[in-house]
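*Asks:* Here is a sequence with its predicted model. Questions after.
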Amino acid sequence: MTIRRPLSPKDSPAMLVVRSIVFNILFYVTLFVLMVVGLPAMLGGRRGVFVMANAWRVTAVWLLETICGLKVEYRGIENVPPGAVLIAAKHQSFLETFALLKYAPDFAIILKKQLTYIPFFGLYLIVSRQIAIDRTRGRQALQQIIDASRVVFAAGRQVFIYPEGTRRPPGAPPKYKTGVTAIYAGAGVPCLPVALNTGLYWRRRGFLRRPGVAVIEYLPPIEPGLDRNAFAARLQEAIETACDRLNAEAVAHDPALAALIAEGAAYDHSDEATSTA
């Protein structure tokens, strides 16, 4: 049973800001240093890149706990199947982009093509054979995702997708897209739903890192072979029900977090990119 970090005088608003600033500086400096130092790792291809990615994950999680008092707790690890699997995760924060790497030994993430243009970082994405798409291409982009995912699954690897396509705050009404369903329909592999509450502690477009326990929970896999509508309904119900439970658990330990969930419930998604992926 994980013991949550109690609030203390150190958690005053001023100290929260100071700790967050220190963390953010060290986080991005460490990321840059690892990307530069790790350039030779790319000679080892995809495997070499994954070694560096996990070094980043371990370092970032340690910095979060040490500086911000924010622990990352994994649940349902027994639900993670070996080999090829479609991992469909809720996306609330930058935190899960590295924390989820722990239980995916050979993965490909579906991401925006623009990320491959970032110096150093983009090169790592290309060498590790991630699935970069142009969201403006609509159905062409969706077919690209389906074709690329089949290649990844055939190699016994994992494909990550965020079913809502972008980060959305905790408590926001769900808005699942058709990309995850299209991949599942033609893949013939199980889908692993992932629920989390990371956005309560590391908000999208915010720099504060709140103390507490960010939970990432792997839910029971959805077997292959369901029709599209049944799969879509089951996936959304599983993830949203678990996220609501994790949010309620977090609020029970820190009532101040209820305001963030209420803010998310009123979220205006009009600025989100329009794509099926």
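*Replies:* Arrived safely, thanks for sending.

*Asks:* how many other residues sit next to residue 54?
*Replies:* Other residues lying near residue 54 total 14 when counted by other Cβ atoms under 10 Å. No exception for glycine: its C-beta is placed from N, CA and C like everyone else's.

*Asks:* how about the strands of the protein, start to end?
*Replies:* 70-75, 85-89, 107-112, 131-133, 158-161, 191-196, 212-218 (DSSP state E).

*Asks:* how about a markdown table for those strands, with mean neighbour count added?
*Replies:* Formatted as a markdown table, the entries for the strands of the chain read as follows, by neighbours: other Cβ atoms under 10 Å:
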| stretch | mean neighbour count |
| --- | --- |
| strand 70-75 | 18 |
| strand 85-89 | 24 |
| strand 107-112 | 20 |
| strand 131-133 | 20 |
| strand 158-161 | 26 |
| strand 191-196 | 26 |
| strand 212-218 | 23 |
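
*Asks:* of all these, which lies closest to residue 44?
*Replies:* strand 107-112 (16.2 Å; Cβ to Cβ).

*Asks:* in terms of contact count, name the helices or strands touching that closest one.
*Replies:* Using 3 or more Cβ pairs under 8 Å, 6 or more residues apart in numbering; DSSP states H and E as the contact test, the elements touching strand 107-112 are strand 131-133, helix 139-154, strand 158-161.

*Asks:* As a markdown table, the ones you listed with mean pLDDT and distance to residue 21 would be great.
*Replies:* As requested, the helices and strands packed on strand 107-112 are exported to a markdown table (pLDDT from 0 to 100; distance: least, Cβ to Cβ, whole Å):
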| stretch | mean pLDDT | distance to residue 21 |
| --- | --- | --- |
| strand 131-133 | 86 | 32 |
| helix 139-154 | 88 | 37 |
| strand 158-161 | 94 | 30 |
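
*Asks:* ok now do the residue nearest the centre of the chain, which residues does it touch?
*Replies:* The geometric centre of the chain, computed from its C-alpha atoms, lies nearest to residue 96 (Cα atoms, centre = their mean), at 3.5 Å. The contact partners of residue 96, taken as Cβ atoms under 8 Å, 6 or more residues apart in numbering, are 89, 90, 194, 196, 198, 216.

*Asks:* Nearest to residue 30, out of these: which one, please.
*Replies:* residue 198 (19.2 Å).

*Asks:* quick one, what contacts the closest one?
*Replies:* With Cβ under 8 Å, 6+ apart as the criterion, the residues that contact residue 198 are 92, 93, 95, 96, 99, 214, 215, 216.

*Asks:* run the last query once more with 7 Å
*Replies:* Residue 198 makes contacts with 92, 93, 95, 96, 214, as judged by Cβ atoms under 7 Å, 6 or more residues apart in numbering.

*Asks:* and the gap between it and residue 231?
*Replies:* Here the criterion is Cβ to Cβ, to the nearest Å. By it, residue 198 lies 25 Å from residue 231.

*Asks:* ok, now residue 77?
*Replies:* As for residue 77, its distance to residue 231 is 23 Å (criterion: Cβ to Cβ).

*Asks:* out of those two, which sits in the more crowded spot?
*Replies:* residue 231 (19 against 11).

*Asks:* That one - nearest residue in space that isn't next to it in sequence?
*Replies:* Sequence neighbours aside, residue 184 is the residue nearest to residue 231 in space, at 5.6 Å (criterion: Cβ to Cβ, 6 or more residues apart in numbering).
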